[in-house]
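**Q** Below are the sequence and a predicted model; questions follow.
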Amino acid sequence: MRGKKKLLLLAAMLPLALLAKANNGSDDRGKPEPAISGIVSEMGSKKPVQGVTVSIAGKGQDKKEVTTDAAGNFKVPQMPAGELIIILEKKGYKTFRKEGVTLKEGVPLKLSFDISNEGADDESDVFHPLRMMDSE
């Protein structure tokens, strides 16, 4: 008798366990994946770069801007399919521009960018009257 109760309990629990496994325990049901996601890292060191402004626009589309998080990640939800221009900007780094990126309908796009801080806007090229007096 005791064995039958265990068997019935297992039979009742099995569908619940399968349902939980199918959902992976997450509550993301129905949420669409981001259209575009990616990571921005520093060229050379490959360290993630936080605070990079990622601007994405296509022909006839409004520009969308997001900022990278502490791990250098960004996500842009709901972008219409088509050809895109992506611009990465952060003070102390060279501005990075990538044209001709194609986003297909229903296909999430994952990107990876390396940006350089070499030759970025340094103050040596900035006009300053006192600096000019020092050189005379």
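**A** Done, it's in. Numbering: from 1, shown residues only.

**Q** residue boundaries of the helices in this protein?
**A** 2-23, 129-135 (DSSP state H).

**Q** The ones you listed: lowest mean pLDDT?
**A** With a mean of 46, helix 129-135 has the lowest mean pLDDT of the helices of the chain.

**Q** show me where the protein has strands.
**A** 36-42, 53-58, 64-67, 73-76, 82-89, 96-103, 109-115 (DSSP state E).

**Q** The fourth one: partners in the sheet, and parallel or antiparallel?
**A** The sheet places strand 73-76 alongside strand 36-42 (antiparallel), with pairing taken from DSSP bridges.

**Q** Run through who's touching the strand it pairs with.
**A** Here strand 36-42 makes contact (C-beta atoms under 8 Å, 6 or more residues apart in numbering) with 47-49, 52, 54, 56, 68, 71-76, 79, 84, 88, 103, 108-117. Every residue, glycine included, has its C-beta placed from N, CA and C.
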